[in-house]
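**Q** Starting from these lines, generate the structure:
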Amino acid sequence: MSASRTYREGAAQAAPKGDGASPAAIVEVTNLCKDFGAVSALRNVSIDIAPGEVRAICGENGAGKSTLVKILTGVYRPDAGSIKVAGQPCEISSPKMAQELGIALVAQELSLCPDLSVEANIWLGSVKVPLFHQRARFTQRAREALDLLGATRISLDTPVRQLGMGQRQLVEIARLLTRDARVLILDEPTATLSDIEIERIFSALVAIKQQGRSIIYITHRLAEVFQICDTVTVLRNGELIETRPVAGLDRKILIEMMLGRSFVEVYPEPITIRGEAALVVDGLSIPGSVSNFNVSAPRGTITCIAGQVGSGAVDVIDALAGLVYNASGRVSVNGVPVLLGSAVRALESDIMFISGDRAEEGIFRHLSVFDNLVATRLGSFSTLGMLRRAGLKATARNLAEQVGIDRRRLSSLADELSGGNQQKLAFGRCIGNRKSGVLVMNEPTRGIDVGARAEIYRIMRAFCAQGYTLIMTTNDLEETIGLADIIVTMYRGKLVGRYNRHEVDMHRLISDITHPVVVPAA
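**A** Okay, the predicted model is just below:
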């Protein structure tokens, strides 16, 4: 049974009974305002959420979603407006107060301690645990919370580092249930999960809804809005645009509400595929993760390696970037062999890497936009150890323009940019270093809104037009089908199939990466 069908049935069972009148709001926000200097992050935003409702909050990066969440969880205090919880006016002055009011957050970056047990993580930071308490009673409550979410196989004694990402998400949610949270805020809960793990999360949300708890669901994956949410609120530039039932709303209208302009096809048309193979991979193997992987990618194209978490797709990308020391096999770029196991050798062979983890590996968060753009070009603008600043500034302005970053932001810290603009920085470092090459990427649009995604796709096609060959992996299957010229599917470290553009549909893709018939290598 699919998650969407399960959810619809669960929603019907949890629907309020009676004369059809809406139940009193569990959270009611009225005319909320928040300014940061001259920037208005929220302006007169009003939202009310009913018990047992799953409300999506959608908008581009910078729309005000994060500010709204931080106000509801006590991180920020509003400049104006009012908040009621269960009909009672309140000021949420701290995260502790938010917890006491029953409002809790599962952030995109999980807050679990990997070396502690599941049970210790569930109760860590809870205001409900007194100095002297009965361990057995709290153990029972933790077990009941996990069982409610369908996580019956997760042992309370297991160190969190031994769990998969989907299981860790369930532990985070169980933590909120033990705190008697009435409103759960989930920020991009499926960003790094496989399809099977996403199914488990969706099933958990059904159980939470049936208890009458409310869920605020923040995601850039619009398909999930239509799959599991009852209503959707759209924010744009800090203002409330509209709140509508999901039923009767289509994806095109939702995108236009978010962008404030007419919907344009998100995925740009590809250029004509050139015949010669720029990248050839033959017999790539990594002990324990990849076995005899082969692919040939023509110049000027985008090849997407599709597979669930643990399929080996990410390991292939890392190996091509020289980040896997024990990778073996034959790889060549433009006919020239590449020595595996060294990032320096990969770069010398015209293979560039864009990480899926922008914060830790993709950019220098605490340096300026200018410094990030020119970080790989300092040697070209140095004479006797002295940098030619004028040349660097001209180069930075040119790169910023090419990737769509406002040149007035060159002095801003990278950490102050939206996720989309941070990803543009990573692309900007690769432009202009070479006339062509191979660009390998893990999750290039992770956590980026639909408007910024369209810009990233445009940049990727611009790379193709320059003669670059792009190899990527993503958990977003819609993105895979919409963007890739060539799709290669993987399952448990082995290649399953290879398809040209328009030769594969969603059904075939899901079948390949979940229950495939793997054809043995010749």
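
**Q** show me what contacts Ala396?
**A** Going by C-beta atoms under 8 Å, 6 or more residues apart in numbering, Ala396 touches 369-370, 373-374, 410. (Each C-beta comes from the backbone N, C-alpha and C, glycine too.)

**Q** quick check, nearest of those to Cys90?
**A** Using C-beta to C-beta, Val369 comes nearest to Cys90 of the contacts of Ala396, at 39.6 Å.

**Q** any idea what sits nearest the closest one, other than its immediate chain neighbours?
**A** In this structure, Val369 finds its nearest non-sequential neighbour in Leu410, 5.0 Å apart by C-beta to C-beta, 6 or more residues apart in numbering.

**Q** One more: Leu72?
**A** Per C-beta to C-beta, 6+ apart, closest to Leu72 is Ile103, 5.7 Å.

**Q** so what's the one you found bridging to?
**A** Bridge pairing for Ile103 (DSSP bridges) gives the partners Val183.

**Q** neighbours around it, how many?
**A** Other residues near Ile103 come to 28 when the count uses other C-beta atoms under 10 Å.

**Q** Would you check how far apart it and Gly238 are?
**A** Counting by C-beta to C-beta, to the nearest Å, the separation of Ile103 from Gly238 is 21 Å.

**Q** Next: Gly307.
**A** Note on Gly307: its distance to Gly238, by C-beta to C-beta, is 39 Å.

**Q** same check, this time on Gly125
**A** 31 Å.

**Q** which residues touch the nearest residue in space to Ala452 that is not next to it in sequence?
**A** Leaving out its chain neighbours, the residue that sits closest to Ala452 by C-beta to C-beta, 6+ apart is Gly420, at 2.7 Å. Residues near Gly420 by C-beta under 8 Å, 6+ apart: 61, 448-449, 451-453, 455-456.

**Q** Please identify which of Gly125 and Gly238 sits among more neighbours.
**A** Gly238 (22 against 13).

**Q** By mean pLDDT, flag the weakest helix or strand of the protein.
**A** Lowest on mean pLDDT, DSSP states H and E among the helices and strands of the chain sits helix 3-14, with a mean of 44.

**Q** Ile302 touches Asp485, doesn't it?
**A** Yes: using C-beta atoms under 8 Å, Ile302 makes contact with Asp485 at a distance of 5.2 Å.

**Q** More neighbours: which of those two?
**A** Ile302 (25 against 19).

**Q** which residues does the more buried one bridge with?
**A** Leu470.

**Q** Could you give the number of residues near Ser311?
**A** Each residue near Ser311 was counted by other C-beta under 10 Å, and the total is 25.

**Q** Model confidence at it, what's the number?
**A** pLDDT for Ser311: 87.

**Q** And the one 3 residues further on, by the same measure?
**A** Model confidence at Val314, expressed as pLDDT, equals 90.

**Q** In the stretch 351-500 of the chain, what residue spans correspond to helices?
**A** 369-374, 389-403, 419-430, 450-465, 477-483 (DSSP state H, counting those that start in this stretch).

**Q** Direction included, what does the helix or strand just after the least confident helix or strand of the chain pair against?
**A** For helix 3-14, the succeeding helix or strand toward the C-terminus, using DSSP states H and E, is strand 27-36. Using DSSP bridges, the strands paired with strand 27-36 are strand 39-49 (antiparallel), strand 80-85 (antiparallel).

**Q** ok, and what's touching strand 27-36?
**A** Against strand 27-36 from outside (C-beta under 8 Å, 6+ apart): 40-49, 67-68, 71-72, 76, 78-85, 87, 103, 183, 214.

**Q** what does stretch 502-511 give?
**A** 195, 306, 477-478, 480-481, 487, 489, 497, 499.

**Q** and the residues you listed as TSV, adding pLDDT, neighbour count and distance to Gln108?
**A** Formatted as TSV, the contacts of stretch 502-511 follow (pLDDT from 0 to 100; neighbours: other C-beta atoms under 10 Å; distance: C-beta to C-beta, whole Å):
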residue	pLDDT	neighbour count	distance to Gln108
Asp195	70	15	19
Ala306	91	29	23
Leu477	83	17	20
Glu478	82	15	20
Thr480	90	22	21
Ile481	88	20	25
Ile487	95	24	27
Thr489	94	26	27
Gly497	92	21	32
Tyr499	93	19	31
